[in-house]
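Undergrad: what's the 3D shape of this:
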Amino acid sequence: MSVKPILGLLLVAVMGVAMPTPAAADHWRDERGYGRDDDWEDEFRDGPCRVKRESDDGEYKEEIKCPNGRGAWWPRGRWKDEYWDGDCKVKIEAKRDEYKKEVKCDDDD
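TA: Residues are numbered from 1 along each chain as shown. Below is the predicted model:
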């Protein structure tokens, strides 16, 4: 038997194994490797503002505090907003120097 057909079959077999590999990636994870059910907390500074983000059991919370409102990107004044984004309820509360966002999702998977 010739070597060329064996190499051809071997090449097809290797491609068949290698092609599904990208499809097996964790699409439910974000760019840092956190998944929906992972608990995590992150704190950092964004200009003069302190940002705190955390996720716990299907809930996401974000809190931004800017001293004296410097660096705040949200509209001034005091306001609240609640709405549904798919099957997630979003609550936003803003003040001159503080912004809070809370997302709670119904996980019916």
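Undergrad: quick one: low-confidence ranges for the protein?
TA: In the predicted model of the chain, residues 1, 7, 10-12, 14-37, 107-109 satisfy pLDDT under 70.
Undergrad: could you pull out the helices for it?
TA: 3-18 (DSSP state H).
Undergrad: can you map out the strands along it?
TA: Applying DSSP state E to the chain gives strands spanning 40-46, 49-56, 59-65, 79-85, 88-94, 98-105.
Undergrad: what's the closest non-adjacent residue to N68?
TA: Using CB to CB, 6 or more residues apart in numbering and skipping residues adjacent in sequence, the residue nearest N68 is D97, 6.1 Å away. For every residue, glycine as well, the C-beta is placed using N, CA and C.
Undergrad: surely that neighbour meets W74?
TA: No: taking contacts as CB atoms under 8 Å, D97 lies outside contact range of W74: 10.4 Å.
Undergrad: may I see the strands of the chain arranged in TSV, with distance to K4 and mean neighbour count as well?
TA: Output for the strands of the chain, formatted as TSV (distance: least, CB to CB, whole Å; neighbours: other CB atoms under 10 Å):
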stretch	distance to K4	mean neighbour count
strand 40-46	53	11
strand 49-56	55	15
strand 59-65	57	16
strand 79-85	57	9
strand 88-94	57	16
strand 98-105	56	16
